[in-house]
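1. here's my sequence, what's the structure:
(chains A and B)
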Amino acid sequence: MTPHRPRRVLITGVSNPLGAEVARRLAPQVPQLFGCDVADPVSALEEMDFVHADTRLSVIGKLVRQLRIDTVVHLAVMVDSPHDERSIHETDVIGTMNVLVGCSGPASPVRRLVVKSSQAIYGAGAHDPSFFTEEMVNWDRPASGITRDPLEMEQLVSEFSLRTEACGVTVLRLGFRVSEDTSLARYLSLPIVPVFAGFDPRLQLLHEDDAAEAIVRAVVDDHQGAFNVAGDGVVLLSQAIDIMGGRSTPVLPPFGRWLSRLGLRALARIELPAYLADMLAFGSVMDCARLAAEFEWKPAYSSRQAMDALAAGKNVELIEAPSPRQEYELQVYLQQRRRRALRLSN
Amino acid sequence: MIETTARERRTKSQKAEIVAPRQGLRLPRPIRRLRRNAPMYAVQGLSALSTRLRELTGREVIDVGKVMEVVQFIYQQRELARRGPHYAVDDFGFDPQWTESFLTAFKVLYRDYWRVETTGVEHVPSSGRALLVANHAGVLPWDGTMIKTAVFAEHPHPRHVRALVASQFMGMPVMSWFLRRTGQAVGHPDDTRRLLARDELVLVFPEGTRGTGKSFKNRYRLTRFGRGGFVATAIRAQAPIIPVSVVGSEEIYPMLGDLGPVAKLFGLPYFPVTPFWPWLGPLGMIPLPSKWRIQFHPPVDVRELPVHAAEDQHLVMALADEVRDTIQRGIYHNLKLRRGVFL
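-> As a prediction, this is how the structure comes out:
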């Protein structure tokens, strides 16, 4: 069988920042790019056709067949979002089910499916090994709500990949990201960070650029199976807080984590999902050896560098260094160019 | 660009790295200098006093070496506090610099409190992987810290031993933090494999909590050695097994009874009752100063075995029993060499 080359690619959930970045990087590499989401796209992309479509409805299957999509990049999976539990479940589990149904069937044109999953699938606990390999998902662990959703979602995906031999399935378990708007980043950026007393877990982080790059590589090349994607090395929670310039205060009781989550929501307005609270007590680190071997690529940012990048972003408005004249003119020129490009695309 | 002096840069810079001098009341310069040099003057005075006392009494009254160790420890801690977030830990969360500073504290326990006598440390390889297998006793895992200290302090090439601990401890506050920081990993076959693959020295207690939680009347009687998993892991990793006998750890907390229901309530493997715990509260947690001996035995070389021998359950159990017998014999031998429990 000749290796499949992606020709007509559909990205679901293209309006979130990661989806937009993936679309931007994929645009020059594939002949036909389609994107769908319920919300408007965050950035205009000339090479991409945008469709308003809800993955929770069967319209997605019609879309796949009508457009003769051969590669589906399913990014409409919410792991860390401000939505309520019910709508996250609807999107993650029911939405994925719909996408899979749309891709299945003997007449389906889809030959490759890339699904975004999360490190949250492994959970975090005292009894877990120090590193999670791809086989170590504990499918039977007691979990409810948001913690249960990635498990259910991946179960659906693995059933699909068993049933549909014609379609190669890649599942990317992305590590926790600390771009400006994730819960973890907001938590770490607090001036006084409440931490679980007596715990200093290891954090493994993934830079936004690397997440997009991993997805693009999974689309362009053929790598089937599940892959852990995260930066090299670890950062201790206390180190991360130090890097952000905060002060860690061990005030959260180590037991009864739901109470701490409630307190954080009320006092700091930070929604800490259950899996994140577990991770902040016990830590969760993945083994990304399979990614390095199969993709022959590894994330450019280590966990430490991802943390430094977040801190650098935070410090940007603090530094009032006057830039030299050429730099200023360069900025003005780039801005003008951006505006012109935007006007052209409108 | 406008030229600025160093002083202007310091006061105007907004970068966090450069901290402007603290404003407010400053002490006069001679007093500041005195404050900075005070520790040095104190040590100098103490060494002079020590020499004088030695001349007067003919004995070593103040051991300057030990005092210097304490001073060194305090300085190390200050240095560590100063490094901020600029240090690296390995993937397991091990911070060698921090651990080494703590080992100086453990060395005092090792040398002066339990007066550990270590033999056969030359059997520990100075490089490459090896699996240390030891008997486990005493309610808290002090024997692990002492084996770590023994290898670090007595071996010609000081090495860090990475012990495997029961996962219950990883769920305990402070404990989990301290164990990870000092290089321990979870007692999971995958962790053992990874550490051995990185050519580390791995310490394992196959008895687990059965060993630490046994009552005082069963002291120095080895319990079951798990299911021989450590042998299978060693064969797969092609790592020699080094049996280690520890004598003295049984007497640090003479465990008279076990309050099972209380243990269950706190999620602990056992809740010990000793002559001092829980009657004296935190004081009961001070271990007794028994006399310790640690013996490292010649390695059991499993490297000539093929890797698939790990599947041979019969061979694995036979090797596990051999290791167990070596440790048991070593315990009896060292008990004979010891003159008394506290001598």
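2. for the stretch 1-150 of chain A, what spans make up the helices?
-> In the stretch 1-150 of chain A, helices defined by DSSP state H, counting those that start in this stretch lie at A:17-26, A:59-66, A:85-89, A:96-103, A:148-163, listed in chain order.
3. one more: the stretch 51-200 of chain B?
-> Using DSSP H, counting those that start in this stretch, the helices found in the stretch 51-200 of chain B span residues B:64-82, B:96-108, B:142-154, B:167-170, B:175-181, B:189-197.
4. nearest to residue B:100, of the helices of the stretch 1-150 of chain A?
-> Comparing the helices of the stretch 1-150 of chain A against residue B:100 with Cβ to Cβ, the closest turns out to be helix A:148-163 (40.5 Å). C-beta here means a position set from N, CA and C on the backbone, and glycine is covered the same way.
5. in the chain, where is pLDDT below threshold?
-> Unless you meant another one, I'm taking chain A. Within chain A, the segments meeting pLDDT under 70 span A:1-3, A:43-44, A:314-333, A:335-336, A:339, A:342-346.
6. could you do chain B instead?
-> Across chain B, the stretches falling below the confidence threshold (pLDDT under 70) are B:1-24.
7. so what are the domain limits for it?
-> According to automatic domain parsing, chain B comprises the domains B:32-82, B:96-252+B:287-337.
8. show me the one of these that comes nearest chain A.
-> Closest to chain A of these, according to Cβ to the nearest Cβ: domain B:96-252+B:287-337, at 2.6 Å.
9. and that closest one, how far out from the chain middle?
-> For domain B:96-252+B:287-337, the gap between its own C-alpha mean and the chain's C-alpha mean amounts to 11 Å (Cα atoms, centre = their mean, to the nearest Å).
10. just the terminal-to-terminal distance for stretch B:46-66.
-> Start to finish, the residues bounding stretch B:46-66 are 12 Å apart (Cα to Cα, to the nearest Å).
11. distance from the chain centre to it, please.
-> Averaged over its C-alpha atoms, stretch B:46-66 has a centre that lies 31 Å from its chain's centre (Cα atoms, centre = their mean).
12. what of stretch A:69-81?
-> 9 Å.
13. how about it, which residues are buried there?
-> Buried residues in stretch A:69-81, defined by neighbour count with 16 or more other Cβ atoms under 10 Å in any protein chain shown: A:69-81.
14. send me it as PDB with only the CA atoms.
-> The C-alpha trace of stretch A:69-81 is given here as PDB (Å, rounded to 0.1, in the frame of the first residue of the first chain):
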ATOM      1  CA  ILE A  69     -12.200  14.700   3.400                       C
ATOM      2  CA  ASP A  70      -9.300  12.300   3.600                       C
ATOM      3  CA  THR A  71      -7.700  13.500   6.800                       C
ATOM      4  CA  VAL A  72      -9.500  14.600   9.900                       C
ATOM      5  CA  VAL A  73      -7.700  16.500  12.600                       C
ATOM      6  CA  HIS A  74     -10.000  16.400  15.600                       C
ATOM      7  CA  LEU A  75      -9.000  19.200  18.000                       C
ATOM      8  CA  ALA A  76     -12.500  20.000  19.300                       C
ATOM      9  CA  VAL A  77     -11.700  18.400  22.600                       C
ATOM     10  CA  MET A  78     -11.800  20.500  25.700                       C
ATOM     11  CA  VAL A  79      -9.500  19.500  28.500                       C
ATOM     12  CA  ASP A  80      -9.000  22.800  30.200                       C
ATOM     13  CA  SER A  81     -11.800  25.300  29.500                       C
END
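15. now the strands for the stretch 201-343 of chain B?
-> Counting by DSSP state E, counting those that start in this stretch, the stretch 201-343 of chain B forms strands over residues B:201-204, B:241-247, B:257-258, B:272-273, B:293-296, given from the N-terminal end onward.
16. can you give me the end-to-end span of stretch B:178-189?
-> One end of stretch B:178-189 to the other measures 21 Å (Cα to Cα).
17. up against chain B, what does the stretch 101-250 of chain A have?
-> Residues of the stretch 101-250 of chain A lying close to chain B (Cβ under 8 Å from any Cβ of the partner chain) are A:125-131, A:133, A:136, A:196-200, A:202, A:233-234, A:236, A:238-240, A:242-243, A:245.
18. and of the helices of the stretch 51-200 of chain B, who's closest to residue A:216?
-> helix B:189-197 (30.2 Å).
19. elements contacting that closest one?
-> Applying 3 or more Cβ pairs under 8 Å, 6 or more residues apart in numbering or on different chains; DSSP states H and E, one finds that helix B:189-197 contacts strand B:161-165, strand B:185-186, strand B:201-204, helix B:229-237.
20. mind running it again at 7 Å?
-> Contact partners of helix B:189-197 among helices and strands, from 3 or more Cβ pairs under 7 Å, 6 or more residues apart in numbering or on different chains; DSSP states H and E: strand B:161-165, strand B:201-204, helix B:229-237.
21. near chain A, anything from the first one?
-> No. Taking Cβ under 7 Å from any Cβ of the partner chain as the criterion, strand B:161-165 and chain A are apart, separated by no less than 10.3 Å.
22. output that strand as PDB - backbone C-alpha positions only.
-> Once non-C-alpha atoms are left out, strand B:161-165 reads as follows in PDB (Å, rounded to 0.1, in the frame of the first residue of the first chain):
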ATOM      1  CA  VAL B 161      22.000   5.100  46.100                       C
ATOM      2  CA  ARG B 162      18.400   5.400  44.700                       C
ATOM      3  CA  ALA B 163      16.100   3.500  47.000                       C
ATOM      4  CA  LEU B 164      12.700   2.200  46.000                       C
ATOM      5  CA  VAL B 165      10.000   3.100  48.500                       C
END
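23. which residue, other than its chain neighbours, is closest to the residue of the stretch 1-150 of chain B found nearest chain A?
-> Nearest to chain A in the stretch 1-150 of chain B, going by Cβ to the nearest Cβ, is residue B:85, at a distance of 3.6 Å. Take residue B:85 and drop its neighbours on the chain: the residue closest to it by Cβ to Cβ, 6 or more residues apart in numbering or on different chains is residue A:242, 3.6 Å away.
24. where along chain A do the strands fall?
-> Assigned strands in chain A, in chain order: A:8-12, A:32-37, A:48-52, A:71-74, A:112-118, A:168-174, A:176-177, A:192-196, A:202-203, A:205-206, A:225-229, A:235-236, A:247-252 (criterion: DSSP state E).
25. pick out the residue nearest the middle of the chain.
-> Picked chain A for this. Averaging the C-alpha coordinates of chain A gives a centre point, and the residue nearest to it by Cα atoms, centre = their mean is residue A:174 (5.5 Å).
26. try again with chain B
-> Judging by Cα atoms, centre = their mean, chain B has its centre closest to residue B:145, at 2.7 Å.
27. next one: that one from residue A:151, what distance?
-> Residue B:145 sits 39 Å away from residue A:151, going by Cβ to Cβ, to the nearest Å.
28. so which of the domains of chain B is the most packed in?
-> domain B:96-252+B:287-337 (a mean of 19; mean count of other Cβ atoms under 10 Å in any protein chain shown).
29. backbone dihedrals for the residue nearest to residue B:54 when sequence neighbours are not counted, please?
-> Excluding its sequence neighbours, the residue lying closest to residue B:54 (Cβ to Cβ, 6+ apart) is residue B:60, at 6.1 Å. Note on residue B:60: backbone dihedrals following degrees, to the nearest 10 are phi -80, psi 100.
30. residue B:60 is in contact with residue B:53, isn't it?
-> No. Between residue B:60 and residue B:53 no contact is recorded; they are 8.4 Å apart, counting by Cβ atoms under 7 Å.
31. returning to that earlier point: widest-spaced pair of the buried residues of stretch A:69-81?
-> A:70 and A:80 (30.2 Å).
32. good, wrapping up.
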